[in-house]
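# sequence below, structure please.
(2 chains)
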Number of protein chains: 2
Amino acid sequence: MNFCNLKGMLKVKDLDIATGGTKVVLINEKDARALDIHHMDRVEVNKGKKTITAIVDIAESAKAVPAGKIGLFEEVLEALKVKNNDVVCISNAPKPESLTHIKNKLDGKELTYEETACLVKDIVDEKLSMIELTSYVAANYTLGMTRQETLFLTKAMINTGNVLKHKTKIVADLHSIGGVPGNRTTMIVIPIIISAGITIPKTSSRAITSPAGTADTMEVFCPVSVPMSKVKSLLNTVGGFILWGGSINLAPADEKIIRVESPLSIDPEGQMLASILAKKASVGATHLIMELPVGKDVKLKNLKEAHHLKEEFEYLCKQLGIKINVLVTNSEEPIGNGIGPVLEAIDVLKVLQNFKEAPQDLRCKSLEMAGILFELVGKTKNGNGRELAKQILDSGQAYKTFLKMVKAQGGPIPDIKKLKPGKHSFDVLSTKTGRIKDIDNKAIAKIARIAGAPKDKHSGIYLYKHMGDKITKGEKLFTIYANSNIKLNYAKQANKQLTSYII
Amino acid sequence: MNFCNLKGMLKVKDLDIATGGTKVVLINEKDARALDIHHMDRVEVNKGKKTITAIVDIAESAKAVPAGKIGLFEEVLEALKVKNNDVVCISNAPKPESLTHIKNKLDGKELTYEETACLVKDIVDEKLSMIELTSYVAANYTLGMTRQETLFLTKAMINTGNVLKHKTKIVADLHSIGGVPGNRTTMIVIPIIISAGITIPKTSSRAITSPAGTADTMEVFCPVSVPMSKVKSLLNTVGGFILWGGSINLAPADEKIIRVESPLSIDPEGQMLASILAKKASVGATHLIMELPVGKDVKLKNLKEAHHLKEEFEYLCKQLGIKINVLVTNSEEPIGNGIGPVLEAIDVLKVLQNFKEAPQDLRCKSLEMAGILFELVGKTKNGNGRELAKQILDSGQAYKTFLKMVKAQGGPIPDIKKLKPGKHSFDVLSTKTGRIKDIDNKAIAKIARIAGAPKDKHSGIYLYKHMGDKITKGEKLFTIYANSNIKLNYAKQANKQLTSYII
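Below you'll find the model as predicted:
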């Protein structure tokens, strides 16, 4: 059908709401009819030199938007620089080309690189509605993606974001998929690796459903968002960093896609692989350790799933020119004693400063990971990596490097004495005598979050007991910390409803 | 994970917008964090004895919704009977069970009747978000539906709406899939069938993308929405009706599903079959004529598609106890001369009143359809149906029945002289001499809609030429009618941009 473009002049109604995501405009059904615009059509909205494309939502009542008016949300008002009662011009806009590619994928066709790149660009530019994006994700989930499609998606995601350039030949990186609370090995491994003169530009996530991401905990010490210019100087002067990935705009398509995946927890394997590897390729990684924890409370439930993923990672990394070592690990309980940014930061400092009371599980795991990374990049022979890591940690060199990193990222000199958990606390005591049979990672995470973590840095949980430990009735299992009595009470409520320890 | 339910008290902010569809509430990210509620989670909102379940949208700025407040749209304000600054209580709500069924469908499992019924009920009750519903539709599209699943969906759709009961053994019905503009055969067939003493409870649609649905044109004569009590009396006193399907609440899940199908025009075959047959079964049809028009401007493009659908309809109707006759027809140009409610109503009256200038294509097609229906229900022997239909029409009996139908539905006596198209008109002249090679149904429909059809009953197009007709330069091709000069100008603009006739 031919494209027929009518123009209408409408008065702006400021809806006084911010939406985020795709741009939407509300018009009255009478105007929609006159202009032959339907629900979910795209329109161009123009004022002076500024034009935006938005998706139409049709208001059936005059209360929402009367005829002759157009309801605009904050993002659109901002983009067009218009205010209440300004007049804008609207007209039909063609549908984005990527809709054809989505339809093709739904019809079982394999997408080419060019089609995937067009689609990813439209996702990044917020040109697709939730329905359209969901259709793409659902098609990837139900029909699967070929290795070729996954590789194309990875490359398209890399190409729509920033890519770091390096002067060194070797750039190391490490990643863990869907891990357990309190796993702050990264903050110990990175300074060990940098101490050995190896570049490691580590981007980490903030917590979404957990009580702290590595970025949240690092932020206890220093900023984790810096401008791109500073990123380069961190690489040149320190040789690495721990920054929040979201601040560097690496593979930005990823977070847009995640929005439609979460309600049904559908994460098509190809998309998950592309999302992770696009970020690793974007930081310029040449050598990568990938940890796949397997356990009942983590993403991967069995070894079969883990071994399949291992093969896929290995194939894709070969295509991307990244040397990878995939470690399938067993993961059953929290690592370290602190849960929540400050409590985890204390654990990290204790390990880096070689305190006797440092959590040994965190120390051991960190040395192991660092050792394997040394071996992968060829710093030591196989079997000697852990020993080098231990020397660097025990000598205090890793701690010195950590201080240098914190300073370079803009933080003050860390002082473990000044790191205090929230003022309001509550001790959870054991109601039985026996041995700890199981710890529910998700219950622990939920209580810590309700207490205020990760946003309230001082909130969280301190664990006294790990799996297999003996406990007597009335002995402390853990302490909940919060910044306010209100949040502590919420967390106490949650603790009553959940079973976090099985004795 | 255990379900942990925290309660929070928030003050209402009236957002002064109606949404339609799923209930959504906006809360500030600070409150969301305190209550551990995430974007797209479900919450119960309670005030006094009233409680509703809504999906959470998280406001990141205080401008949208400040901490301590909850932004409510009209539907929720109405349902809870609350106003600005009232205090409501919110708490986490469990996810609807149907999400498990959607996930299973995405994972390739075949849904049972009970699972489908649970899902359809949640769709009707607006409990699913766009993302969730889209995922279900996309899974049906990409993975297909077994005949069993289609049958279950049909039954679930029937059971979530009204079902008409009849005293007669035979209940006739007819349906046409994705037809051409101006096809008003239904309004002629129904009175012919009723004249022969056969019950035919016809529900029709309003136009969505066309210039008039049968319901829009019938409405020129009388109301097409009546209360359920009146539906029964129409069946008892007249033996049938032409009503708008939407007013009787038959298989209401359908329109909710269509909302997410339209942006990508994905209409999974099983859903399309279920949607049509659920409505036919809901009116109590025992005998059904199904027309499948094939042509370049209609839904079905080739005979292969049509024959496949024929088989599916036949299988499903057998399971539902409906006797069906599927007609695959050729469809290339508009039927009748009028396009738009009043112009089509004039065509219908001319045929029913046996005027010499009545459009013969409309008359012929109506007699044919009525004849086939007579044969299907066993009113005549095969081959004699058309003759009976012709007798009923020519004798004026069909027109008498039509008058009875209009009166019973609450309309005045029809008067063809009082039916006038819009005051503002524009003649489109031929720029060439030759023969009409092609008419673009979609272009004609678009111009008629922009002129105001179907909402402005008097707006539309009158065609002077059909395919194969001779035309000389300067001769009239068609006239556009509108209620206002503004709309006429819009339609003229559209006419310039579109190619409706090829000569």
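# from residue A:236, how far off is residue A:186?
According to CB to CB, to the nearest Å, residue A:186 stands 22 Å off from residue A:236. (Glycine included, C-beta is placed from N, CA and C.)
# neighbour count winner among the two?
residue A:186 (22 against 11; other CB atoms under 10 Å in any protein chain shown).
# any idea which residue is closest to the centre of chain A?
Most central in chain A under CA atoms, centre = their mean is residue A:205, positioned 4.0 Å from the mean C-alpha point.
# what does that residue show for phi and psi?
The phi and psi values for residue A:205, taken as degrees, to the nearest 10, are phi -100, psi 160.
# OK, contacts around the nearest residue in space to it that is not next to it in sequence?
Of all residues not flanking residue A:205 in the chain, residue A:213 sits nearest, at 4.6 Å (CB to CB, 6 or more residues apart in numbering or on different chains). Residues counted as contacts of residue A:213 (CB atoms under 8 Å, 6 or more residues apart in numbering or on different chains) are A:204-207, A:454.
# what's the farthest-apart pair in those?
Spanning the widest gap among those are A:204 and A:454, at 12.0 Å by CB to CB.
# between the two, who's got more neighbours?
More crowded of residue A:204 and residue A:454, by other CB under 10 Å: residue A:454, with 26 against 22.
# quick check: the more buried one touching residue A:340?
Yes. Here residue A:454 reaches residue A:340: they are 6.9 Å apart, a contact under CB atoms under 8 Å.
# so what sits against both of the two?
A:211-212.
# so what touches stretch A:316-333?
By CB under 8 Å, 6+ apart, the list of residues contacting stretch A:316-333 reads A:147, A:150-151, A:154, A:179-180, A:273, A:277, A:280-281, A:285-298, A:303, A:306-307, A:309-310, A:313-314, A:372, A:376, A:439, A:441, A:466-467.
# hmm, back to that, in a markdown table, list the contacts of residue A:213 along with secondary structure.
Converted to a markdown table, those look like this (DSSP: H, G, I helix; E, B strand; the rest coil):
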| residue | secondary structure |
| --- | --- |
| A:204 | strand |
| A:205 | coil |
| A:206 | coil |
| A:207 | coil |
| A:454 | coil |
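# what residues are up against residue A:205?
A:213-215, A:244-246.
# report the separation between it and chain B.
The span separating residue A:205 from chain B equals 15 Å under the rule CB to the nearest CB, to the nearest Å.
# from residue A:228, how far out is that residue?
Using CB to CB, one gets 19 Å for the distance from residue A:205 to residue A:228.
# before we move on, what about residue A:470?
Taking CB to CB, one finds residue A:470 at 52 Å from residue A:228.
# where does the residue in the stretch 251-400 of chain A that chain B sits nearest to fall, phi/psi-wise?
Of all residues in the stretch 251-400 of chain A, residue A:263 sits closest to chain B, at 4.8 Å by CB to the nearest CB. Here is the backbone geometry of residue A:263 (degrees, to the nearest 10): phi -60, psi -40.
# which residues touch it?
B:40, B:99, B:129, B:131-132.
# repeat for residue A:105
Residues counted as contacts of residue A:105 (CB under 8 Å, 6+ apart) are A:111, A:136, A:139-140, A:143.
# average pLDDT across the helix or strand containing it?
Element membership of residue A:105, judged by DSSP states H and E, is helix A:98-106. Taken as a whole, helix A:98-106 carries a mean pLDDT of 96.
# which of the residues in that helix are buried?
Neighbour counts over helix A:98-106 (16 or more other CB atoms under 10 Å in any protein chain shown) mark A:98-99, A:101-103, A:105-106 as buried.
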